[in-house]
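Novice: Okay, predicted coordinates and the sequence, questions at the end:
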Amino acid sequence: ALRGGMLQPVSGTLKRKYGERDPSGTESQGLTFATEGGTRITAPARGRVMFAGPFRGYGQIVIIEHEGEMHSMISGFNRIDVTVG
């Protein structure tokens, strides 16, 4: 039920959808947006921050747990202004 209620987390142009392949043939594991530098990113739905910080090859990320055991992983941050919890 939550999937249909999620908002776009950033204003910008949708460049790639979930499951879409890029020119090299790699399948997207999420949505990719083109934005202006410094654009504010918000949670796509109400939830609790489970992780915020650098993670493997993704750079700075935030993982949000939503109701119904759904999670959002948002990356591409220059700066993170949230804390876990």
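Specialist: Cool, the structure landed. Just so you know, these numbers come straight off a predicted model, no measurement behind them.

Novice: Relative to residue 60, how far out is the residue minimising distance to the centre of the chain?
Specialist: A centroid search over the chain (CA atoms, centre = their mean) returns residue 74, at 2.3 Å, as the residue closest to the centre. Plainly put, residue 74 is 10 Å away from residue 60 if you go by CB to CB, to the nearest Å. Where you see a C-beta, it was placed from the backbone N, CA and C, and this is true even at glycine.

Novice: for residue 71, same thing?
Specialist: Using CB to CB, residue 71 is found at 17 Å from residue 60.

Novice: Neighbour count for the two, which is higher?
Specialist: residue 60 (15 against 11; other CB atoms under 10 Å).

Novice: pLDDT wise, what is the residue sitting furthest away from the middle of the chain at?
Specialist: Distance from the C-alpha centroid of the chain, by CA atoms, centre = their mean, peaks at residue 24 (22.0 Å). Note for residue 24: predicted pLDDT of 93.

Novice: And residue 55, by the same measure?
Specialist: 89.

Novice: do the one 10 residues further on as well
Specialist: Residue 65 is assigned a pLDDT of 94 by the prediction.

Novice: Now the element after the helix or strand of the chain with the lowest mean pLDDT, going C-ward?
Specialist: Taking mean pLDDT, DSSP states H and E as the measure, the chain has helix 2-5 as its least confident helix or strand, at a mean of 60. The helix or strand immediately downstream of helix 2-5 is strand 13-16, counting by DSSP states H and E.

Novice: Residue 54: what's it in contact with?
Specialist: 60, 61 (CB atoms under 8 Å, 6 or more residues apart in numbering).

Novice: for it, helix, strand, or coil?
Specialist: Counting by DSSP: H, G, I helix; E, B strand; the rest coil, the backbone at residue 54 sits in strand.
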